[in-house]
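A.B. asks: Structure for the following, please:
(one chain, ligands or ions: 1)
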Amino acid sequence: MSELSAQVRRWVRPEIQDLVGYKVADPGDAIKLDAMESPWPWPGDLRDEWLNRLSEVALNRYPDPNCGDLKKVVREVFEVPACAELLLGNGSDELIQLINLAIAGHGRTVMAPAPSFAMYRVIATLSGSEFVEIDLADDYGLDLAAMQAAVGKHQPAVTYVAHPNNPTGNGLDLDEISSLALSTEGVVVVDEAYYAYADSSFLPRLLDHPNVLLLRTLSKVGLAGLRVGVLIAHPEWVEQLEKCRLPYNVGVLAQVSAKFALEHRQQLDEAIKRVLGERSRLAEELRHMPVVERVLPSETNFITFRLKAIPASRAYKHLLAEGVLVKSLDGSHPRLSNCLRVTVGTPQENDLFLGALSGLSAGDY
Ligand SMILES: *Cc1c(COP(=O)(O)O)cnc(C)c1O
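C.D. replies: Numbers count the residues shown, from 1 in each chain. Predicted structure coming up:
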């Protein structure tokens, strides 16, 4: 071992050395249906107006540390109750990190259902916390009894639930989230990254629960490149979390662009409506494919489905060879064996995906 690698081994915390970093697939020329991005770029007629707005920005100055103007618009668009406070982050990933920094850490436990969003585990580990995961029920909803038993056993400081859940796509039962929040003394974070595609939101109940924080993001509604996440909570939580936020964590270009986008939110809403229409069509077509065993219900902008008679890894490679990048979930959790996850794209992209998938037949393998 070289002197340098010995030094790295000696000083980097063991739990970090054991971590497998978050990998992002290189799409090459393939159509990107792997990361829940919106397939539609910002419309051309609004581009000039947006660029004008950006040209007035003073890049020599630090951004507004409190994101005051952006918060005002976010409040309106999300219909945030007046008594709730906001905290903005560089994506909701940063907000998860900030919550763990403030509330989890060494000697404390973070809990989440499984399978769920991969970053809950990564960030819990980074923050030095123990991480406990509890399998979802057979219908991919919360296994409330198992979670409540785990609350008793592990006394988690923070419990994350994604509503709707990634990577399964289903929404959770709001009453069960409430029950979970009532049965833990710790904090429950309701992650609504897919709120725009969901049938329900926990937001109207948020202030009934002193221990619930709610997360949203602009990433899944067409603005993944901006990196703007939103935490909504009782002001007393935000007051403490604010101390862990780095000053100027949201850049001025992101602040101004997000504000502009939300002021023209009918554009975002139209894209969301188109995604919902395509999601129904995609699910219906998938259901009728002989190589598809099961299509999971989706309240998101993606669909998770299980293949039959064909290994998911073969289907994944076949799709990629045909120019379509999806996400393989096989091996990530027993409940996702032989499953792929496809993000809803434009009608043409979805046709290419469906065409490539139907080119596979069970007899080929
Ligand atoms: C995508 C996703 C996030 C992260 O969103 P960013 O705001 O882009 O960091 C958080 N939670 C869930 C469940 C997600 O799927």
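A.B. asks: so how far is residue 257 from residue 146?
C.D. replies: 42 Å (Cβ to Cβ, to the nearest Å). Quick note: C-beta positions are derived from backbone N, CA and C, even for glycine.
A.B. asks: More neighbours: which of those two?
C.D. replies: Shown here are residue 146 and residue 257; by other Cβ atoms under 10 Å, residue 257 has more neighbours (22 against 14).
A.B. asks: my guess is that one meets residue 51, correct?
C.D. replies: No - at 10.1 Å, residue 257 and residue 51 do not qualify as touching, with contact defined as Cβ atoms under 8 Å.
A.B. asks: Helix or strand for the closest residue to residue 198 other than its chain neighbours, just tell me which one.
C.D. replies: Nearest in space to residue 198, with sequence neighbours left out and distances taken as Cβ to Cβ, 6 or more residues apart in numbering, is residue 299 at 4.4 Å. Under the criterion of DSSP states H and E, residue 299 resides outside all helices and strands.
A.B. asks: What of the one 4 residues further on?
C.D. replies: Of the helices and strands defined by DSSP H and E, residue 303 is found in strand 302-307.
A.B. asks: Would you mind listing the residues in contact with the residue of the stretch 251-365 of the chain found nearest the ligand?
C.D. replies: For the stretch 251-365 of the chain and the ligand, the shortest gap (Cβ to the nearest ligand atom) falls at residue 300, measuring 7.9 Å. Applying Cβ atoms under 8 Å, 6 or more residues apart in numbering, one finds that residue 300 lies in contact with 36, 164, 166, 169, 194, 197, 198, 220.
A.B. asks: The residue nearest to the third one when sequence neighbours are not counted and residue 207, how far apart?
C.D. replies: Read that as residue 166. Leaving aside its sequence neighbours, residue 166 sits nearest to residue 117 (Cβ to Cβ, 6+ apart; 5.1 Å). Noted for residue 117: a distance of 24 Å to residue 207, by Cβ to Cβ.
A.B. asks: Which of the two has more residues huddled nearby?
C.D. replies: Using other Cβ under 10 Å as the criterion, residue 117 and residue 207 rank with residue 117 on top: 21 against 15.
A.B. asks: Output the lowest mean pLDDT helix or strand found in this structure.
C.D. replies: helix 14-17 (a mean of 89; mean pLDDT, DSSP states H and E).
A.B. asks: what about residue 140, distance to residue 333?
C.D. replies: Taken as Cβ to Cβ, the span from residue 140 to residue 333 is 11 Å.
A.B. asks: Which one of these two is surrounded by more residues?
C.D. replies: A direct count of neighbours by other Cβ under 10 Å for residue 140 and residue 333 places residue 140 higher, at 21 against 17.
A.B. asks: Show me this structure divided up by domain.
C.D. replies: For the chain, the domain assignment from automatic domain parsing gives the residue ranges 3-42+267-358, 61-263.
A.B. asks: And the ligand, is the longest one touching that?
C.D. replies: Spelled out, that is domain 61-263. Yes - residues of domain 61-263 are located near the ligand by Cβ under 6 Å from any ligand atom, namely 91, 92, 93, 117, 162, 166, 191, 193, 217, 219, 229.
A.B. asks: Nice, that's everything, thank you.
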